[in-house]
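K.L.:
got a structure for you, letters missing:
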């Protein structure tokens, strides 16, 4: 049954991403205590260039293969060849940009960092296209094994480099070795003999047009704040900001993104029934916000405890940044179901337009925020951008499937009310705990448990039940 497969698929993808993020999280905690904020700031600058080029040149080959009605060995060969071409172009662009990039930021160390970090995306370009066989069957266990094992290997290597005094190279080792291990394991799990061929290129070009173009705007949009801050603030301050930013997006990266992947297949199956598609989309968007909103708000109201417990005293400034950055992510999560819907309906031109608008809005607001209020201005600009994109997402859903904006907002009122209750009671609870002078980890654990109970109780009291989130596609 498709509904069962969708739920199981979401479970595997969420488990895979959460397990991988947990390993990454533990690795970062170890490295954060072994290294300095300046080390993280330096690698954040280098990673910015890699991320932009990587995303701009992103070719979602597995997603393209998934959308095909029938896959042959020639399709797999074409996907592999496109991956090889993508990796070659990526390496040329990055190596050509390494020296000018290091010169602009005034640090010669960036050349070696950029060149080494490039190995990771190049390896990812060669990921076995035969893995699509499991994805089309909505069997995500194999992907979980490859990703999790790769993360474990990368964590061991990174921590070893840090303990041997490798400094910021430990962060580089974590990134590169993770991609290398994941790609090698993909060939062990999904056997495939590579062969160069572009015989089925038309089957890919029709799908990749708007989607690939949108990647350019997405890459620049998500890295624009670091590009700007890296030039105007110290590496130590950038390290504090980058750490807070990375922590703030953990809920959406670990929970929401993976849970939405099976929705593309689910939405595609009911694409011809507009009413069922509207109901499925409404449930998916509510599910997204039910998970993301309390997690992000909880991170915001406990940001000082989180930073103290996880990172230590030298990361104190990151707590203030995390408090507001976590709030900026709440509404960003709402875009995830819309993205899945647009892909399922083959309306990737909408993704392109939204990405272009987001970049334009972000450039204006982030630049203005930096000019008037420095780092905090950038953070407030990100909050404003997320609100604007939330409104555009509401309008876009109406354009795609005719769902009314008012009904979408009404669909979320229980989640909003439960989050408000959780925030108010949690703040009051923390005020009561303040006089007890508990250790930070004990206060964080008690506060998190209390907030979760309040949120779950509020949802139940407002009439929300598990069945309200089941996307029925039979």
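P.N.:
Happy to help now that I have it. Keep in mind the model is a prediction, meaning the values are calculated, not measured.
K.L.:
only C-alpha atoms for contact and neighbour calcs from this point on.
P.N.:
Fine.
K.L.:
average pLDDT across the strand or helix carrying residue 373?
P.N.:
Residue 373 belongs to helix 348-401 when assigned by DSSP states H and E. The pLDDT scores in helix 348-401 average 90.
K.L.:
What's the first helix or strand after that helix?
P.N.:
As assigned by DSSP H and E, the chain's next helix or strand after helix 348-401 is helix 405-410.
K.L.:
From residue 325, how far off is residue 250?
P.N.:
Separation of residue 250 from residue 325 (CA to CA, to the nearest Å): 11 Å.
K.L.:
So for the two, which sits in the more crowded spot?
P.N.:
Taking neighbours as other CA atoms under 10 Å, residue 250 and residue 325 compare with residue 325 leading, 27 against 20.
K.L.:
that older thread, so what secondary structure elements neighbour the helix holding residue 373?
P.N.:
Contact analysis of helix 348-401 by 3 or more CA pairs under 8 Å, 6 or more residues apart in numbering; DSSP states H and E lists helix 201-232, helix 274-301, helix 316-332, helix 335-344, helix 405-410 as its packing neighbours.
K.L.:
quick check: angle from that helix to helix 316-332?
P.N.:
Angle between the axes of helix 348-401 and helix 316-332 is 60 degrees (criterion: axes from the mean of the first three to the mean of the last three CA atoms, to 10 degrees).
K.L.:
thinking residue 31 is in contact with residue 162, fair?
P.N.:
Yes. Judged on CA atoms under 8 Å, residue 31 makes contact with residue 162 at a distance of 6.9 Å.
K.L.:
Give the residue from these two that has the larger number of neighbours.
P.N.:
Legend: neighbour count by other CA under 10 Å for residue 31 and residue 162, higher for residue 31 (23 against 19).
K.L.:
so what's that one up against?
P.N.:
Residues near residue 31 by CA atoms under 8 Å, 6 or more residues apart in numbering: 159, 162, 170, 171.
K.L.:
For the residue nearest to the second one when sequence neighbours are not counted, which residues are in contact?
P.N.:
Leaving aside its sequence neighbours, residue 162 sits nearest to residue 170 (CA to CA, 6 or more residues apart in numbering; 5.2 Å). The neighbours of residue 170, taking CA under 8 Å, 6+ apart as the test, are 31, 157, 158, 159, 160, 161, 162.
K.L.:
Next one: residue 170 from residue 132, what distance?
P.N.:
Taking CA to CA as the measure, residue 170 falls 32 Å from residue 132.
K.L.:
now residue 131, nearest residue through space, not along the chain?
P.N.:
residue 190 is the one closest to residue 131 (CA to CA, 6+ apart), at 5.5 Å.
K.L.:
Ramachandran coordinates for that neighbour?
P.N.:
phi -120, psi 90 (degrees, to the nearest 10).
K.L.:
so it touches residue 145, yeah?
P.N.:
No. Contact between residue 190 and residue 145 fails when scored by CA under 8 Å: they sit 11.6 Å apart.
K.L.:
which SS class is residue 438?
P.N.:
Secondary structure state of residue 438, per DSSP: H, G, I helix; E, B strand; the rest coil, is coil.
K.L.:
For it, grab phi and psi.
P.N.:
Note on residue 438: backbone dihedrals following degrees, to the nearest 10 are phi -80, psi 160.
K.L.:
What count of nearby residues applies to it?
P.N.:
Residues near residue 438, counting by other CA under 10 Å, number 11.
K.L.:
Can you classify residue 71 as helix, strand or coil?
P.N.:
Under three-state DSSP, residue 71 comes out as coil.
K.L.:
ok, now which ones touch it?
P.N.:
By CA under 8 Å, 6+ apart, residue 71 lies in contact with residue 65.
K.L.:
distance of it from residue 190?
P.N.:
15 Å.
K.L.:
List of residues touching stretch 122-134?
P.N.:
By CA under 8 Å, 6+ apart, stretch 122-134 touches 61-62, 65-66, 76, 79-80, 83-84, 86-88, 90-91, 140, 142-143, 179-180, 182-184, 186-187, 189-192.
K.L.:
Buried residues, that stretch. List them.
P.N.:
For stretch 122-134, a neighbour-count test (16 or more other CA atoms under 10 Å) marks 122, 123, 124, 125, 126, 127, 128, 129, 130, 131, 132 as buried.
K.L.:
likewise stretch 446-454?
P.N.:
The neighbour-count check on stretch 446-454 (16+ other CA under 10 Å) flags 447, 448, 450, 451, 452, 454 as buried.
K.L.:
In the stretch 101-250 of the chain, what residue spans correspond to helices?
P.N.:
Secondary structure of the stretch 101-250 of the chain (DSSP state H, counting those that start in this stretch): helices located at 109-117, 119-125, 132-136, 141-163, 169-189, 201-232, 235-248, 250-251.
K.L.:
In the stretch 151-300 of the chain, where is pLDDT below threshold?
P.N.:
Low-confidence segments of the stretch 151-300 of the chain, defined by pLDDT under 70, span residues 206-214, 254-265, 268.
K.L.:
residues contacting residue 34?
P.N.:
By CA under 8 Å, 6+ apart, the contact set of residue 34 is 162, 163.
K.L.:
Same question for residue 80.
P.N.:
With contact taken as CA under 8 Å, 6+ apart, residue 80 is in contact with 126, 127, 128, 129, 194, 195, 196.
K.L.:
Any chance of TSV for these, columns distance to residue 106?
P.N.:
Below are the contacts of residue 80 laid out as TSV (distance: CA to CA, whole Å):
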residue	distance to residue 106
126	33
127	35
128	39
129	40
194	42
195	43
196	41
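K.L.:
Closest to residue 23 out of the residues you listed?
P.N.:
Closest approach between these and residue 23, by CA to CA: residue 127, at 21.0 Å.
K.L.:
I'd like to know the phi and psi angles of that closest one, please.
P.N.:
Dihedral angles (degrees, to the nearest 10) for residue 127: phi -50, psi 140.
K.L.:
Same question for residue 34.
P.N.:
Phi and psi for residue 34, reported as degrees, to the nearest 10, are phi -90, psi -30.
K.L.:
do the same with residue 312
P.N.:
Backbone torsions of residue 312, given as degrees, to the nearest 10, read phi 100, psi 180.
K.L.:
Leaving out the residues flanking it, which one is nearest to it?
P.N.:
Distances taken as CA to CA, 6+ apart put residue 33 closest to residue 312, at 7.2 Å, once the chain neighbours are dropped.
K.L.:
Which helix or which strand is home to that neighbour?
P.N.:
Assigned by DSSP H and E, residue 33 belongs to helix 2-34.
K.L.:
avg pLDDT for that helix?
P.N.:
The average of the pLDDT scores along helix 2-34 is 66.
K.L.:
Begin at 6 from now on, thanks
P.N.:
Noted, 6 is the first residue going forward, which turns the last one into helix 7-39.
K.L.:
So which elements touch the next helix or strand after that helix?
P.N.:
Downstream of helix 7-39, the first helix or strand assigned by DSSP H and E is helix 42-61. Helix 42-61 makes packing contacts with helix 78-110, helix 114-122, helix 174-194, helix 206-237, helix 240-253 when contacts are defined by 3+ CA pairs under 8 Å, 6+ apart.
K.L.:
what's the angle between the shortest one and helix 78-110?
P.N.:
Following the same axes, to 10 degrees, one obtains 170 degrees for the angle between helix 114-122 and helix 78-110.
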